[in-house]
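J.: dropping the sequence and predicted coords here.
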There are 2 protein chains.
Amino acid sequence: MSEEFISIGEVAKRSGIAASALRYYEEKGLIAHASRQGQTRLYPPSITERLALITLGQHAGFSLDEIAEVLTNDGYELDRQQLSNKAEEIDKQIQRLSLMRDGLLHAANCNAPTHAECPKFQRILRFTQQQKVKETEKQLDK
Amino acid sequence: MSEEFISIGEVAKRSGIAASALRYYEEKGLIAHASRQGQTRLYPPSITERLALITLGQHAGFSLDEIAEVLTNDGYELDRQQLSNKAEEIDKQIQRLSLMRDGLLHAANCNAPTHAECPKFQRILRFTQQQKVKETEKQLDK
DNA sequence: GCTTGACCTCAAGTCGACTTGAACCGCTAT
DNA sequence: ATAGCGGTTCAAGTCGACTTGAGGTCAAGC
């Protein structure tokens, strides 16, 4: 039925991830060292699932290191607690983005002569600024 | 009553943006060349509004170049058409993130023995993968 | 038998958004 | 008058996630 092993090129085609990136992932420990036939790497077709998981994480805004933390080494099981934490982080980001989107839409339609005079937009700007200042202070604390 | 001009250090403190970053923004054309007193840059306190706008854009996931496109050179007026476009982009990103969040939460709670066997999670993974492959094909087209 | 194409390794380069370092200037407080 | 602070310039360094390039191996097809 389905092939037992596929080449790195085939994995690249199926996953949409460049071969060079796959080698990089291996080096980083995100995927297991592939079995070899001579020099050539051979992958089980199921590798694509783990790769999809990695891509998922990246789209969600996590670094490869963070993804590595969440992905256990064997198979592709996950730490459930970690997952909820990450989900919460994403939720916060969604909140932020929603604010931005509303701000932009409002700015696009608001007919105050300049945004300088639109109180709603001003509120958003002030909020943004406060966040930034707080963030910076946190950095200093360390 | 309020001061006419403030130093770069004061701007940094108020905006939460490092002085070095402010000089970088000037070089990039994101903020006007500050007026000088001798060598020293002097800013009108209102600069903080433009800076908040820049920070807002960054949080929304835009590069400095993209932000520069949207921000007109004078004052801090904006191109309204551009704004709606960006708002739409953000909305798409929110959709993506929502998908991820739901996926993660589901994975955290789902009691299929491994995520390999959870059809909902599988659907999300497949979707992620297809997106990635499409993206890659687009790259090749150019 | 020779080219072609897919694979390999290892080192170096890239990009964006800054930061850091060295070397210097000018004010003011001791 | 000198130390210290905050400003200045310019070049170089950093970080993450890869990509690119040089140089080499191996099997398949003409």
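T.: The structure has been received and is ready for your questions. Residues are numbered from 1 along each chain as shown, chains lettered A, B, ... in the order given.
J.: report pLDDT for residue A:90.
T.: pLDDT for residue A:90: 85.
J.: just the one 10 residues further on next, same as before
T.: In the prediction, the pLDDT value recorded for residue A:100 is 80.
J.: part of a helix, is it?
T.: Yes. Assessed by DSSP: H, G, I helix; E, B strand; the rest coil, residue A:100 belongs to a helix.
J.: how about the strands of chain A, start to end?
T.: Residue ranges of the strands in chain A, as given by DSSP state E, are A:35-37, A:40-42.
J.: roughly how far does residue A:41 sit from residue A:24?
T.: In this view, residue A:41 and residue A:24 are 13 Å apart by Cβ to Cβ, to the nearest Å. C-beta here means a position set from N, CA and C on the backbone, and glycine is covered the same way.
J.: between the two, point out the one with more neighbours.
T.: residue A:41 (19 against 14; other Cβ atoms under 10 Å in any protein chain shown).
J.: show me what contacts the more buried one?
T.: A:7-8, A:26, A:34-35 (Cβ atoms under 8 Å, 6 or more residues apart in numbering or on different chains).
J.: how far away is it from residue A:9?
T.: Residue A:41 is 10 Å from residue A:9, by Cβ to Cβ.
J.: how about residue A:96?
T.: In terms of Cβ to Cβ, residue A:96 sits 40 Å off from residue A:9.
J.: around DNA strand D, which positions in chain A sit nearby?
T.: Residues of chain A lying near DNA strand D by Cβ under 7 Å from any atom of the strand: A:18, A:20-21, A:23-24, A:38-39, A:58, A:63-65.
J.: is stretch A:57-68 up against chain B anywhere?
T.: Yes. Stretch A:57-68 is in contact with chain B by Cβ under 8 Å from any Cβ of the partner chain, via A:59-61.
J.: if you could redo that for stretch A:87-105, that was the one I meant.
T.: Yes. Stretch A:87-105 reaches chain B (Cβ under 8 Å from any Cβ) through A:87, A:90-91, A:93-94, A:96-98, A:100-101, A:103-105.
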